[in-house]
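1. Turn this into a model:
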Amino acid sequence: MNTELTNLEKIRRLRWNVAGSALNAIFCFFTFFGSVFVLFLSELHLDKTRIGFLLSLMPLCGLIALFIAPKVARFGFKRTYLIFWSLRNLAGGMLLLTPYVIYVFPHDNTNVVFLWVAGTVLFFAFCRAVGEIAYNPWQQEFIPDHIRGKFGAVNSIVATIISIAAMLVASYVIGHYTGLGRYMVLIAAGTVAGIVSIRCYAQSPGGLPIQAAEAQVANFKGMMASLKDRNFRFLLIGLALVLLGSGPLFSFIPLFMKEQVGLTSGKVVLLDIGSFLGVLLSCYLWGWASDRYGSKPIMLSGLFLMMFLPIFWFIIPRHFAWSPSLAFLIALFSGVGVMGWNTGFGRYLFVSAVPEEKKTAYLAVFYAWAGLVGGTGPLLAGRLLDYCHSFSGKVLFLTVDPFTPLFVGSFFLFILAWLTMNIVQADGAMPVRKFVGMFLHGNPLMALESLLRYGWALEEADRVSLTQRLGDAKNPLSGNELIEALGDPSFSVRYEAIVSVSRLPADPKLIDALLLVLVGNEPDLSVAAAWALGKLGDKSAILPLRETMLSEFSLLQAHSTRALAKLGDKDSIPNFMEKLRTEPNDKLRLAYAAALGMLRARESTGDVLALLKNIHDPILASELALALARIVGREGYYIQLWRATRKELGTAVAQTLIHFEKEFSGAKKVHGEIITLTRDCAARFAQNELVQAVALLSVLVRKIPTESLSEPSVLILRECAERLTESGPSRCEYVLLALHTLNETLSQR
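-> Modelled structure (predicted):
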């Protein structure tokens, strides 16, 4: 049995894998991958069919996985990888002999050179295939699942930075020199980097041989059994469609840019830098999001972006001064999309699709399938491009050329791939649509920036500030950090987290976190949580809030009552009315009255009016008046009136009464005495003779016909008339309430 590795040991050695990947990137882009190799083959005067054949050899060699995977498992993943990864560097040395082959065979050098390069590529592809067959299950072992996305992002960042530097060097060498010599310099440098990378990879742990009994799952029967896994089958079908759509596209884009768009060889190589920049700008976001929200949303989001690539390449202007700049932007966009797809698919494959105990069989089938379809794409595309070499023309302002069928085919393959990958099982609680929607709420850029800073905030003041900023972004991306902040050792941070959570769109995880605070042992935070639950408006909080109304803390009872009202809990109206009548605490009675007003409980009008009569604090009285205004009708008019009277009571009320006079004048059943009273009352208010004005308003309210009014309106008008006579202008809330009720009466008529 293999000794199980601890996550600590795995994490400590991951830096060696990062270094190896960076050096391996130099080897790849200077030798057998990317624009440099395609331009090198073009320099050898090979046609596109032959170029497509050579490019197809590398993925097609993946088919050997079906036959050697069990042997690799028994021999040891790490040992196999290091041996064959070392042997592949010999292929770089073989490419360096290409000028000598041309020198020895000067007359028929095209065919001979093709055979020489084909043999070299075949040897490289075989060694690479065996190495990767071993590396895939090995990396599943030494990279912890909980940081796989982030590690992939960090690995990509480092490798991308090195790749950009390598491409700058390659662009300079290819752009400033001529002949095969410039490619030989790059190939030699890449081979040296490949040799050094082996030393780094050797430091990664694990990869020990598997015992024969355990390796039985990797035999041919075990591989066929993996195809009975419905989810794995759809994953392979989706992968095939993506590879058939993207492989030929990316393989021949350097030639498209050179032949059709008019870019020089040096500028074609620079497009790789644009792609690397796209990877660099997005890789950490993709990796972080995949660990946080699952692989499937990331995979499909990246694939969705890739759908636009054939369109962008098809419509790019040809032979214009700004064509290189547009091509660079498209390359940057492609880096973002491809990175999203690779991050999501890679994580889904290793974390969700492939069972740990059957990894050798599953990954062998995966690698062989990827090799088959990945090799078929360039092979067919090269032949297609040669067949369509005479295509040319214009459709409106768009150019048709030999690459147009390739773009059309890739676009439809990407659409089919997106539909297929939607079928695979989700690996997280976040649906794709919801994931995309998170970037459409609030300020996602502010949220992402705050998330990065949140991890570095150590002092309490900084944590409070960042927690507030996470809420200010009003974006769901902040949810996990705010849930973490709810458990911060600092009370200030916890309190700020509750306030910030209330600013986000309602989410089940946030509601559950607030409910834990609500029933916790900190009354101050429970009160804030009750307020936040009411603000978020999720009705799943109704039952817990009803329970907290039984709390011994009156403030928590009051806030729970108000929160239930915000949530529209009409079933609690009888309970609120009973407590309004029996509760001795006026502050709690105020909360019950306010809740009944928010719920527009018409049957509570008399009880609320009775409470208002005994409340003399102007702020508390105004809240009760607002509750009554809500019962009668529109809250907006009352608030508008309240704001106007705060500036100048007399003028605002006078303007309102003048409006009423016009309404009364147009009504058939309104007595002339009411119109006269209204006019006189308005005049008194306009002259700020408030005592006389309020007395006239009391008389006016008594004169209003009540036959057609609702019961709450009748009760309110009667109470206002009595209180205005009794208190005069000292109880302004009755003035506002009377005017509000009159306005609603006129509006209904």
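2. Tell me if I am right that K394 is in a helix.
-> No. Assessed with DSSP: H, G, I helix; E, B strand; the rest coil, K394 is strand; it does not lie in a helix.
3. Which residues are in contact with the residue nearest the centre of the chain?
-> Centroid-nearest residue in the chain: F435, 4.6 Å away (criterion: C-alpha atoms, centre = their mean). Taking C-beta atoms under 8 Å, 6 or more residues apart in numbering, we find F435 in contact with A289, Y293, P297, I298, S301. Any C-beta I mention is one placed from the backbone N, CA and C, and that applies to glycine too.
4. count of residues packed around the last one?
-> Just to be clear, that refers to S301. Number of residues near S301 (other C-beta atoms under 10 Å) recorded here: 22.
5. One more: the one 3 residues further on?
-> With neighbours defined by other C-beta under 10 Å, the count for F304 comes to 17.
6. if we can go back for a sec, how about the contacts of F435, which pair is most distant?
-> With distances taken as C-beta to C-beta, the most widely separated pair in the contacts of F435 is Y293 and S301, at 10.1 Å.
7. distance between the biggest helix by length in the chain and the chain's centre?
-> When the chain is parsed with DSSP state H, its longest helix is helix 109-142. Centroid separation for helix 109-142 versus its chain: 37 Å, with C-alpha atoms, centre = their mean, to the nearest Å.
8. Domain boundaries for the chain, per the record?
-> 7-435, 439-615, 635-748 (automatic domain parsing).
9. how about the ones you listed, which one is nearest S622?
-> domain 635-748 (5.4 Å).
10. Which residues are in contact with V735?
-> So V735 contacts T645, L649, V653, V694, L697, C720, L724, P729 (C-beta under 8 Å, 6+ apart).
11. So it lies in a strand, does it not?
-> No. Read with three-state DSSP, V735 is helix and lies in no strand.
12. which non-adjacent residue is nearest V400?
-> For V400, ignoring the flanking residues on the chain, the nearest one in space by C-beta to C-beta, 6 or more residues apart in numbering is G393 at 4.4 Å.
13. do the same with A563
-> G534 (3.0 Å).
14. ok, back up a step: closest one to E623 among the domains of the chain?
-> Of the domains of the chain, nearest to E623 by C-beta to C-beta is domain 439-615, at 5.7 Å.
15. pLDDT on that closest one, on average?
-> Mean pLDDT, domain 439-615: 90.
16. and the closest residue to I147 other than its chain neighbours, what is it in contact with?
-> Distance criterion C-beta to C-beta, 6+ apart; nearest residue to I147, sequence neighbours excluded, is D291 at 6.8 Å. Taking C-beta under 8 Å, 6+ apart as the criterion, D291 is in contact with H146, I147, R148, G149, K150, R347.
17. how would you label the first one: helix, strand or coil?
-> What that stands for is H146. Applying three-state DSSP: H146 is helix.
18. any idea how far Q203 is from it?
-> Distance from H146 to Q203, counting by C-beta to C-beta, to the nearest Å: 22 Å.
19. can you check the second one too?
-> In this structure, I147 lies at 18 Å from Q203, with C-beta to C-beta as the measure.
20. what's the neighbour count on V192?
-> V192 - counted by other C-beta under 10 Å - has 15 other residues nearby.
21. Where does it fall, secondary structure wise?
-> According to DSSP states H and E, V192 maps onto helix 181-201.
22. what sits up against that helix?
-> 16-17, 19-21, 23-24, 26-31, 36, 39-40, 43, 81-82, 85-86, 88-89, 92-93, 95-96, 98-99, 169-170, 173-174.
23. Out of these, name the ones that lie in strands.
-> Among the contacts of helix 181-201, none falls in strands (DSSP state E).
24. Keep only those of those residues that are in helices.
-> Per DSSP H, the contacts of helix 181-201 map to helices at 16-17, 19-21, 23-24, 26-30, 36, 39-40, 43, 81-82, 85-86, 89, 92-93, 95, 98-99, 169-170, 173-174.
25. what packs against the helix or strand following the helix holding V192?
-> With elements assigned by DSSP H and E, the helix or strand that comes after helix 181-201 is helix 220-226. For helix 220-226, the packing partners by 3 or more C-beta pairs under 8 Å, 6 or more residues apart in numbering; DSSP states H and E come out as helix 65-75, helix 359-387.
26. Mind doing that once more with 10 Å?
-> Here helix 220-226 touches helix 65-75, helix 230-256, helix 359-387, going by 3 or more C-beta pairs under 10 Å, 6 or more residues apart in numbering; DSSP states H and E.
27. So for the first one, what gets flagged as buried?
-> For helix 65-75, the buried set under the neighbour-count rule, 16 or more other C-beta atoms under 10 Å, comprises A65, L66, I68, A69, P70, V72, A73, R74, F75.
28. Then stretch 451-459?
-> Those would be L451, Y454, A457, for stretch 451-459 by 16+ other C-beta under 10 Å.
29. My guess is L518 contacts E547. True?
-> Yes. Under the criterion of C-beta atoms under 10 Å, L518 makes contact with E547 at 9.0 Å.
30. Between the two, which has more neighbouring residues?
-> L518 (26 against 11).
31. Now that one: closest residue in space that isn't a chain neighbour?
-> Looking at L518 with C-beta to C-beta, 6+ apart, the closest residue is A529, at 4.3 Å.
32. Next one: the one you found from T741, what distance?
-> Distance, A529 to T741, using C-beta to C-beta: 36 Å.
33. And those two? Which one has more around it.
-> A529 (33 against 28).
34. what's the helix or strand for that one?
-> helix 523-536.
35. Go ahead and measure how far that helix is from the middle of the chain.
-> So, by C-alpha atoms, centre = their mean, the centroid of helix 523-536 is 27 Å from its chain's centroid.
36. buried stuff in that helix?
-> Neighbour-count burial for helix 523-536 [16+ other C-beta under 10 Å]: L525, S526, V527, A528, A529, A530, W531, A532, L533, G534, K535, L536.
37. What is the subsequent helix or strand relative to that helix?
-> Past helix 523-536, further along toward the C-terminus, the next helix or strand under DSSP H and E is helix 542-548.
38. still on that earlier bit, P59: which of the contacts of D291 is nearest?
-> R347 (21.3 Å).
39. Tell me how many other residues surround the closest one.
-> 25.
40. where's it relative to N155, distance?
-> 12 Å.
41. Right, I'll call it a day here.
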